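Asker: predicted model and sequence follow; I will ask about them next.
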Amino acid sequence: MTLSDEVLAARKIRAERGLTSSAAQHKGPPEPEGVAPIVAYLCTEQASYINGRIFAAHGNEISLFSNPDLARTIHKKRTLDTG
């Protein structure tokens, strides 16, 4: 919820060099009062059914991302127990 002076300086440099989107430049870092409502809600009994979802909170806006699609799966090779 906080940004160090180094991170803020790096953001400024990226913006000056045109390496940051214009939307990101105007929004700035999320403020605690913009994030706190969704965090508080997720701690309530009414939100107990919410699991594995992705939210974004910024300013006066809270967004819910749709479920991601499965792109790849990796499996661990099983060894037979010859015990």
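Answerer: Here it is on my side, so go on.
Asker: the spatially closest residue to Leu64 that is not a sequence neighbour: neighbour count?
Answerer: Spatially, and ignoring its direct neighbours in sequence, Leu64 is nearest to Phe55 (5.8 Å; CB to CB, 6 or more residues apart in numbering). Where C-beta positions appear, they are placed from N, C-alpha and C, glycine not excepted. By the criterion of other CB atoms under 10 Å, Phe55 has 14 neighbours.
Asker: any idea how far Phe65 is from Phe55?
Answerer: According to CB to CB, to the nearest Å, Phe55 stands 7 Å off from Phe65.
Asker: now do Glu33
Answerer: Separation of Glu33 from Phe65 (CB to CB): 22 Å.
Asker: can you find the helix or strand of the protein with the lowest average pLDDT?
Answerer: helix 22-27 (a mean of 53; mean pLDDT, DSSP states H and E).
Asker: following element in sequence after it, please.
Answerer: helix 32-42 (DSSP states H and E).
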